[in-house]
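Q: Predicted structure and sequence below. I'll ask about it afterward.
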Amino acid sequence: MPAALTLLFQHHRWANLALIDALAALPRDVLALTSPGTYGTIHQTLAHMVEGEERYLATLKGAETIVARQLADELAALPVLREAARRQADELVALSGHVDEEATVRGAYNGRPFNMPALIPLLQAYHHGSEHRTNITTTLAAHGHQAPALDVWTYLAAGMP
């Protein structure tokens, strides 16, 4: 099972970075686009995705207190978000090969205690990224922009970098 998880997180890293690179190649005003049923603007969604991943990593690394923060009014620039996404994905790739199926994590999230299998925040990190990458590509397509293909088949065709 860890080999499959590691492959998922290698895809996750590639998909996040490919998306950010595609966004960087578009006009800057694209970041302000939104579509009904998605999280928010493209920029807000990307920042939220990176912020969430930081919380999942903190949980996996044993942080006792996790606090959800509101997105800042001034969102981080794409290069800053890209570097955070790369670092986080590198950590998730490394952790994915070492999380014991019996391991648990405990702490408090926004003041509420939790005790759960360590695989839950790990899998949620992948799911959360996939969900919000889809929000962003949906918004791009809805506004007539070419959305990058980020599926596992495209990852395979790219040589699984």
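A: That came through, no problem.
Q: need the helices for this protein, in chain order.
A: 2-24, 42-60, 78-96, 119-142, 152-157 (DSSP state H).
Q: so which of those helices comes closest to V105?
A: Smallest distance to V105 across the helices of the chain (C-beta to C-beta): 5.4 Å, for helix 42-60. C-beta coordinates here come from the backbone N, C-alpha and C atoms, glycine included.
Q: backbone phi and psi for Y39, please?
A: Comment: the main-chain dihedrals of Y39 come out as phi -70, psi -50, following degrees, to the nearest 10.
Q: sorry, that was for A63
A: The phi/psi pair for A63 (degrees, to the nearest 10) is phi -60, psi 130.
Q: hey, what's the residue nearest to it when sequence neighbours are not counted bridged with?
A: Closest residue to A63 apart from its sequence neighbours, by C-beta to C-beta, 6 or more residues apart in numbering: G107 at 6.2 Å. Beta-bridge pairing of G107, defined through DSSP bridges, involves F114.
Q: Okay, now the unreliable bits of this structure?
A: Segments of the chain classed as low confidence (criterion: pLDDT under 70) are 1-2.
Q: Centroid-nearest residue for this structure?
A: Central residue of the chain (C-alpha atoms, centre = their mean): G129, 3.4 Å from the mean position.
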